[in-house]
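> What follows is a predicted structure for the sequence shown.
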Amino acid sequence: MPSQRLLLAAACATLMTLAIGHDALACACCSNPGQRNVAMVPFDAVKRDEIGRLRFAGTAQLFVGEADPADIKGIATPAARYELSANWDKDRLVFALRDPAGRSGTLSLQRPSRIAIFEVDPRAANPEAEPALYKEWTLTARAAGAGVFSAGLGPSQQLSLILHGRGNSCTSAEQFTHWTLEMKGPKANYLLFGKLVTTP
């Protein structure tokens with residue numbers, strides 16, 4: 001009888017351990033009220049693969065706010081909208097843009113070694129529910145390009161690609177829905193933005 005009790009206790013302990021392990025694994029991706037993560041981390045293979053699954057929709061908009069497109073500095077002939085194609089060329093992401101008048105140019109971003117991560121609970125109406133975190137992944141490098149965007153290039157110009165999304169603590173390409181391309185520096189400061197789709 002004592003040996004049977006010991007075997008039964010051991011079996012129960014094993015089952016409890018498995019159950020706890022399963023719950024811990026299930027909650028590895030859980031998000032929590034008040035959660036916040038701001039970090040600069042290596043741009044590793046996992047993140048490169050997720051970004052590689054993203055596709056940019058075929059149009060881009062120039063942010064002008066209350067201004068007029070002609071007021072934007074750093075673009076030879078600024079336009080409110082552009083046709084867009086964006087593709088990786090080895091270790092460089094190249095944005096090819098064409099305005100309705102057929103004037104075109106490119107902006108390109110060298111793949112950096114690090115990526116900025118921003119994840120925050122947006123404090124939705126139900127503070128007890130698992131929040132859908134607002135997320136940004138940002139890649140930044142020295143700006144490069146050609147055509148109508150040449151006027152805004154220089155050694156101090158930085159180009160950042162910001163991917164916007166929402167989701168739990170395990171980030172995947174499907175969570176990202178929009179992008180912003182930010183040019184910053186002494187010669188040009190402007191934003192282009194658009195939508196994202198994902199591939200299987």
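Structure received.

> So which residue is dead centre in this structure?
residue 163 (2.5 Å; C-alpha atoms, centre = their mean).

> need the contact list for that one.
Residue 163 makes contact with 51, 54, 135-138, 176, 178-179, 196 under the criterion C-beta atoms under 8 Å, 6 or more residues apart in numbering. C-beta coordinates here come from the backbone N, C-alpha and C atoms, glycine included.

> One more: residue 56?
Each residue near residue 56 by C-beta under 8 Å, 6+ apart is listed here: 84-86, 95, 179, 194-197.

> Tell me the first helix or strand C-terminal of the strand ranked longest in the chain.
The longest strand of the chain (DSSP state E) is strand 133-147. Using DSSP states H and E, the helix or strand that directly follows strand 133-147 along the chain is strand 158-167.

> Give me the sheet partners of that following strand and which way each runs.
In the sheet, strand 158-167 lines up against strand 133-147 (antiparallel), strand 176-184 (antiparallel) (DSSP bridges).

> What residues of the shortest one count as buried?
Using 16 or more other C-beta atoms under 10 Å as the test for burial, strand 176-184 gives 176, 179-184.

> any idea which of the residues you listed is closest to residue 150?
Distance to residue 150 across those (C-beta to C-beta) is lowest for residue 183, with 12.2 Å.

> ok, the closest one to residue 84 distance?
As defined by C-beta to C-beta, to the nearest Å, residue 183 lies at a distance of 15 Å from residue 84.
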